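> Quick one: sequence and predicted model below, then my questions.
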Amino acid sequence: MAIRRGRGVAAINYPTGMNLGGDPSQALVHSTPTGNFMVTLSSVDLGQGLKQVISQICAETIGVPTDRVVVDTADTDTGPHCMGTFASRGTHRIGNAVIQAAKEARQVMLEVAAEELEVNAADLETDGAGNIHVKGAPQKAISIFDTALSAHFKRGRSISGRGMFLVPRSFPETETGAMKPATCYAHACTVAEVEVDDETGEVTVLTVKNVFEIGRALNPKMVEQQLVGGSWMGISHTLYETTEPYYPAREHGGSDFNEYLMPGPGDLADTEIIVLERPSADGPYGAKGPGEMCANPQIPALANAIFDAVGVRIDHLPITPERILRALKEQRRV
Amino acid sequence: MRLAKSYFADERKDDLNEIGQGRSRVDLPGHVTGKTTYFADRNFPGMLHLKMVRSPHHHARIRSIDTSEAEKHPGVVRVLTAKDVPHNTYTILILIQIGPEDEHVLAEEKVRWKGEAVVAVLAETERAAQEAAAKVKVDYEVLPAVLDMEAALKPGAPLVNEHHGQNYYMYDSGACRKVRFGDVEKGFAEADHILEQTYSSSPIEQAPMETTGCIAVPEGNDRFTCYTNTQAMFFTLDNTSIILQMPGSQLHLVGGTAGGGFGGKVDVIVEPIAILAAKLTGRPVSFIYSRHEEMQISSPRAAETITIKDGVMNDGRIVARYVTGYTDAGAYSRHSPYGAQKGAAHYPGPYTIPNVWADTYCVYTNRTPSSAMRGFGVTIADFALEVQMDKLARLIGMDPLEFRFINAYRDGDMKAHRQTTEGAALIECMQEASRAANWPVAEKYYALSSHPREG
């Protein structure tokens, strides 16, 4: 009886969005009289940080700092339609709608600034810090604050924009399955190292090295949070979780966070995250959806590592100590 | 986290002001100091609490329901059964024409899974609602249950859901969603080795910190505001409009920050009955899943069974792949027909295989209805595909990582569902993983790229 070490790899891709049902989202953007920008949506922030990433997308497009953008969302009276937050679609679909709305608002903003500066709007650019100036002549400038005041009280212009992003519905061909189920694809490759105690069947995950390609990390800190959390969820899915451990008997199903098995902080591996960026052609600033795929590659990588360690294949999830021990017993019998 | 900037550097501009900046989230201080408002932080004068009476059986006929004792329980205001729901038979994806309507807001005639909602009790306090729910008497005639997909698909198996007429979802393509690409039989005939393996999974729970729930408030003008943690506001609004036969203009949904979802809050379960209860009582109604309900009643990730048969050459090329996937929807469709279909499109994974055959089935059993969960349609497929890849590599005595390089898709390759690959980056991910994990591969694999093949 011994502790045995093994290593496994898995590589995956993941579709962004859900256009087998049609995949639309809308956004509205307007400025307040003092040059802050409101983004109005009906999309839901699940805690993953949708509002923050939308703020940054809007700010980049209009040319203002992110703290000048406020997101008002998840209200069906005020927010235009959104399919919802699922299918790794939030950043990609809603982000695209916000870019379109922000571009329209930016154009009006530049037209008003051009009238104030008595120049052509096409000759203006933003400095990203809250000002608009003539290209090549930064001294000929107006603040966005003053531009918004002028638009509202003097020029009678609404600095606002409408955004819509729709991936039309794809109907699968019945006999061939030809279909366009998603748009861009994210990618990942994970290498996991485990120790397996062949006496108890217990698996210790030593390291999980994840390489993710996500198009563009719009906010690298939030990307990291999501990818690390996903990697932990992958470990949990592989080794711990089920609502029905002895199905069809239902008596053993976990009813709370004590009974429903998930790894605690001490059970989580040394986790490494490396991000590659290959911008997607149709993504907002090249982003793809990383939300779901980041919890997937750990599962087969760990299963393969367990085989590498003790030479048994557990082809049913979760891979519990009991299943490993039964397989080891069978292996010894044969 | 490390950004590996050397890959695809020529395809990317790194001169943006706000994009690419790791700015701190504006809602972060609220989250970590407990100041963020969630839907359940609201309290309204006169608010009632809703508790469900649930089926103790996997499959049973309802002979009768007696709510008289429950109605007399102190604090009880109203008890609702199926006949109170204007359009009681529904299915969520009817909004995108994926029918038939196959589920009941409150059970009628039969229950089809252990935990199905039968009677809703409304009371002044949660405790009174819970106590009264225990006094509802339902007389059941227990029926034989179908508890796994294999049994469900056998001839003569008990019928789980009469709205479907058979124990699987009928697609426009027949009993399964099909993908047909190349000639798999020819591929298997040419193959040096054939390996057929079956993989399966148990349901898991999304396990969000915040349980599913909502508070419905009558506004006094025939409009109803519903504070909810749904992941999809208009999905919920439009389905509620159908179930309550109420114009959408009378419905106002307010969300906000949800305390995690992971797909578990895409079903439309709590809002329609809570809004109906608010309408019938004229009072605000709170319907929030207990932790037990979240763990054992809300839709989990489906159990799946996937069989993969591959034909592989000694040089590492996979020449044929035949996949049969089964998704256990439980008793009702919810999002499972969609998930099974998404699975069909996902095979054969990120690899270019000339001959592919995939059949994916959405199967009905008397299990807890499954539905969306992070990656559904893909997660278990990836488990099966990538363990299969490991087995194939070992079968032909090849390094598992090198074996994947040989088969990895590249821009311009045709996928089995007839989309041309673009924006591929699998090869580069594997190159970086090889370096990061000190898992060396032959030099020629570091020279590969995802760009189109020559010629």
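Received it, and whenever you're ready, just let me know what you need.
> how many other residues sit next to residue 109?
If you meant another chain, say so; for now it's chain A. For A:Met109, the number of neighbouring residues by other CB atoms under 10 Å in any protein chain shown comes to 29. Backbone N, C-alpha and C define where each C-beta goes, glycine included.
> wrong one, I was asking about chain B
That count, for B:Glu109 with other CB under 10 Å as the rule, works out to 10.
> which non-adjacent residue is nearest it?
Spatial nearest neighbour of B:Glu109, chain neighbours left out: B:Ile62 (5.9 Å); criterion: CB to CB, 6 or more residues apart in numbering or on different chains.
> Could you verify my assumption that the one you found touches B:Arg112?
No: using CB atoms under 8 Å, B:Ile62 makes no contact with B:Arg112, being 11.1 Å away.
> And the two? Which one has more around it.
B:Arg112 (29 against 19).
> In contact with that one, which residues?
Residues near B:Arg112 by CB atoms under 8 Å, 6 or more residues apart in numbering or on different chains: B:His58, B:His59, B:Val160, B:Asn161, B:Ala331, B:Tyr332, B:Asn366.
> And chain A, split by domain according to the record?
Split into domains by automatic domain parsing, chain A comes to A:3-16+A:184-333, A:19-167.
> Any idea which of those gets closest to B:Asn239?
Among these, domain A:19-167 comes nearest to B:Asn239, with 11.7 Å by CB to CB.
> hmm, the closest one in reach of chain B?
Yes: judged by CB under 8 Å from any CB of the partner chain, domain A:19-167 comes into contact with chain B at A:20-22, A:42-47, A:49, A:51-52, A:55-57, A:59-60, A:63, A:65-67, A:73-77, A:79, A:81-86, A:128.
> how about the helices in the chain?
Since no chain was named, I'll use chain A. A:50-62, A:95-117, A:144-150, A:220-239, A:298-310, A:321-333 (DSSP state H).
> wrong one, I was asking about chain B
Using DSSP H, helices in chain B cover B:28-32, B:68-72, B:126-133, B:149-153, B:184-190, B:233-244, B:270-281, B:291-296, B:336-346, B:379-395, B:400-407, B:426-436, B:443-446.
> my guess is B:Ala381 contacts B:Gly343, does it?
Yes: using CB under 8 Å, B:Ala381 is in contact with B:Gly343, at 5.3 Å.
> Relative to B:Leu50, how far out is the residue nearest to B:Glu109?
20 Å (CB to CB, to the nearest Å).
> As JSON lines, the domains of chain A with mean pLDDT would be great.
Output for the domains of chain A, formatted as JSON lines (pLDDT from 0 to 100):
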{"stretch": "domain A:3-16+A:184-333", "mean pLDDT": "96"}
{"stretch": "domain A:19-167", "mean pLDDT": "96"}
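> Quick check: which of those is nearest to B:Glu271?
domain A:19-167 (11.5 Å).
> Now do the end-to-end distance for the closest one.
6 Å (CA to CA, to the nearest Å).
> centre of the chain versus it, how much separation?
21 Å (CA atoms, centre = their mean, to the nearest Å).
> before we move on, the earlier item: what's the most buried one of the helices of chain B?
helix B:336-346 (a mean of 26; mean count of other CB atoms under 10 Å in any protein chain shown).
> What lies in contact with it?
A:15, A:18, A:20-21, A:172, A:177, A:179, A:181-182, B:93, B:98, B:169, B:171, B:176-179, B:302, B:325, B:327-330, B:358-362, B:369-372, B:376-378, B:381-382, B:417.
> Could you rerun that using 6 Å?
A:179, A:181, B:98, B:169, B:177, B:179, B:302, B:325, B:327, B:329, B:358, B:360, B:362, B:370, B:376-378, B:381, B:417 (CB atoms under 6 Å, 6 or more residues apart in numbering or on different chains).
> Repeat that for stretch B:226-242.
Under CB under 6 Å, 6+ apart, the answer for stretch B:226-242 is A:42, A:44, A:74, A:76, A:81, A:84-86, B:39, B:42, B:87, B:92, B:95, B:214-216, B:248, B:251, B:253-255, B:258, B:261, B:265-266, B:268, B:271-272, B:275.
> what about 7 Å?
Residues outside stretch B:226-242 that contact it (CB atoms under 7 Å, 6 or more residues apart in numbering or on different chains): A:42, A:44, A:46, A:74, A:76, A:81-86, B:39, B:42, B:87, B:90, B:92, B:95, B:210, B:212-216, B:247-248, B:251, B:253-255, B:258-259, B:261, B:265-266, B:268, B:271-272, B:274-275.
> Just give me the neighbour total for A:Pro65.
16.
> Please tell me how far it sits from B:Thr307.
For A:Pro65 relative to B:Thr307 (CB to CB), the value is 54 Å.
> And for B:Thr228?
40 Å.
> When these two are compared, which one has more neighbours?
Counting neighbours by other CB under 10 Å for B:Thr228 and for B:Thr307 shows that B:Thr228 has the greater number, 30 against 17.
> Residues in a beta bridge with that one, which ones?
Going by DSSP bridges, B:Thr228 is paired in beta bridges with B:Cys214.
> just to revisit the earlier point, out of the residues of domain A:19-167 next to chain B, which are buried?
For these, a burial check counting by 16 or more other CB atoms under 10 Å in any protein chain shown picks out A:20-21, A:42-47, A:49, A:51-52, A:55-57, A:59-60, A:63, A:65-66, A:73-76, A:79, A:81-86.
> residues in contact with B:Gly377?
B:Gly339, B:Ala340, B:Lys342, B:Gly343, B:His346.
> Report the set of residues contacting both of B:Ala381 and B:Gly343.
With CB under 7 Å, 6+ apart, B:Ala381 and B:Gly343 have common neighbours B:Gly325.
> ok, and the closest non-adjacent residue to whichever residue of the stretch 351-455 of chain B sits closest to chain A?
As assessed by CB to the nearest CB, chain A sits closest to B:Glu386 within the stretch 351-455 of chain B, at 3.2 Å. Spatial nearest neighbour of B:Glu386, excluding adjacent residues (CB to CB, 6+ apart): A:Pro300 at 3.2 Å.
> burial count for that neighbour?
28.
> do the same with the one 4 residues further on
Counted with other CB under 10 Å, residues neighbouring A:Asn304 total 28.
> ditto for B:Gln197
16.
> Apart from its chain neighbours, what residue comes closest to residue 61?
In the absence of a named chain, chain A is used. A:Ala102 (3.7 Å).
> try chain B instead
B:Glu141 is the one closest to B:Arg61 (CB to CB, 6+ apart), at 4.3 Å.
> same thing with A:Thr16?
Using CB to CB, 6+ apart and skipping the chain neighbours, the partner closest in space to A:Thr16 is A:Gly289 (3.9 Å).
> Okay, domains of chain B per the record?
Taken from automatic domain parsing, chain B resolves into B:48-142+B:207-296, B:177-204+B:302-446.
> Quick one: mean pLDDT over the longest one.
Summarised as a single mean, pLDDT over domain B:48-142+B:207-296 is 97.
> Could you do the last one as well?
Summarised as a single mean, pLDDT over domain B:177-204+B:302-446 is 97.
> chain center to that domain, what's the gap?
With CA atoms, centre = their mean, you get 19 Å for domain B:177-204+B:302-446.
> That domain: end-to-end distance?
First residue to last in domain B:177-204+B:302-446 (CA to CA) measures 38 Å.
> Could you do the longest one as well?
The distance separating the two terminal residues of domain B:48-142+B:207-296, taken as CA to CA, comes to 24 Å.
> Check stretch A:251-262 too.
Across stretch A:251-262, first to last residue, CA to CA, it's 18 Å.
> buried ones in that stretch?
For stretch A:251-262, by 16+ other CB under 10 Å, it's A:Gly253, A:Gly254, A:Tyr260, A:Leu261, A:Met262.
> Give me the subset of the residues you listed that also touch chain B.
For chain B, the contacts drawn from the buried residues of stretch A:251-262 by CB under 7 Å from any CB of the partner chain are A:Gly253, A:Gly254, A:Tyr260, A:Met262.
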